[in-house]
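Novice: Please find the sequence and the predicted model below.
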Amino acid sequence: MFKYYLAQSYLGTLAKMEHRHMVGCRCAAWLMAQGHTVYAPIPHGHAIANLAEPPLPRGAVFWWKQNKAAMDSSEQLAVLVTDCWEKSTGLTQEQAYAKACSMKIRRIEYLDGKFSWMDDST
């Protein structure tokens, strides 16, 4: 069981996707350094999608089966608040599913290269 499922925005230009992947990796590492177990679909799926032959699709529709299974194995949804996070189809789907499952949703701010919880509970 994972403590956190780390959701974030992803799609955009190749440069944006690479940047969001790296920020997601850093955020997952930040959570792990605090002793939490984390599943982070963007860090996980980005490399797999790139290395697959032929490359796998990038959109939320293809990845939902994988992500839903990981969400079902997670206690809480941690939303990484970065650019376009409110417009992300996948992130919207993940938040709706978390609400339907009565999963606690927390937000993480990324500002000036640092992460912090946007609420005071841990």
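Specialist: Nice, thanks for sending it over. Numbering: from 1, shown residues only.

Novice: for this protein, longest helix please?
Specialist: helix 14-33 (DSSP state H).

Novice: what does that helix rub up against?
Specialist: Outside helix 14-33, the residues that touch it by C-beta atoms under 8 Å, 6 or more residues apart in numbering are 3-4, 6, 8-12, 38, 40, 42-43, 46, 58, 78, 80, 82, 108, 110, 115. For the C-beta atoms, the positions are set from N, CA and C on the backbone; glycine is no exception.

Novice: swap the cut-off to 10 Å and go again
Specialist: 3-4, 6-13, 36-47, 49-50, 58, 78, 80, 82-85, 88, 108, 110, 113-116 (C-beta atoms under 10 Å, 6 or more residues apart in numbering).

Novice: Just the buried residues of the worst-scoring helix or strand of the chain on mean pLDDT, please?
Specialist: Sorting the helices and strands of the chain by mean pLDDT, DSSP states H and E puts helix 41-51 at the bottom, at a mean of 90. For helix 41-51, the neighbour count (16 or more other C-beta atoms under 10 Å) marks 41-46, 49 as buried.

Novice: what packs against it?
Specialist: strand 2-7, helix 14-33, helix 60-72, helix 89-100 (3 or more C-beta pairs under 10 Å, 6 or more residues apart in numbering; DSSP states H and E).

Novice: Low-confidence stretches in this structure?
Specialist: 120-122 (pLDDT under 70).

Novice: just to revisit the earlier point, what about the helices and strands packed on helix 41-51, which gets the closest to Pro54?
Specialist: For those, the distance to Pro54 is smallest for helix 60-72, at 12.7 Å, taking C-beta to C-beta.

Novice: angle of that closest one against helix 89-100?
Specialist: Computed by axes from the mean of the first three to the mean of the last three C-alpha atoms, to 10 degrees, the angle separating helix 60-72 from helix 89-100 equals 30 degrees.

Novice: Show me the strands paired with the helix or strand following helix 60-72, marking each as parallel or antiparallel.
Specialist: The helix or strand immediately downstream of helix 60-72 is strand 74-81, counting by DSSP states H and E. Paired strands of strand 74-81, with direction, are strand 2-7 (parallel), strand 104-111 (parallel) (DSSP bridges).

Novice: Many thanks, we can stop here.
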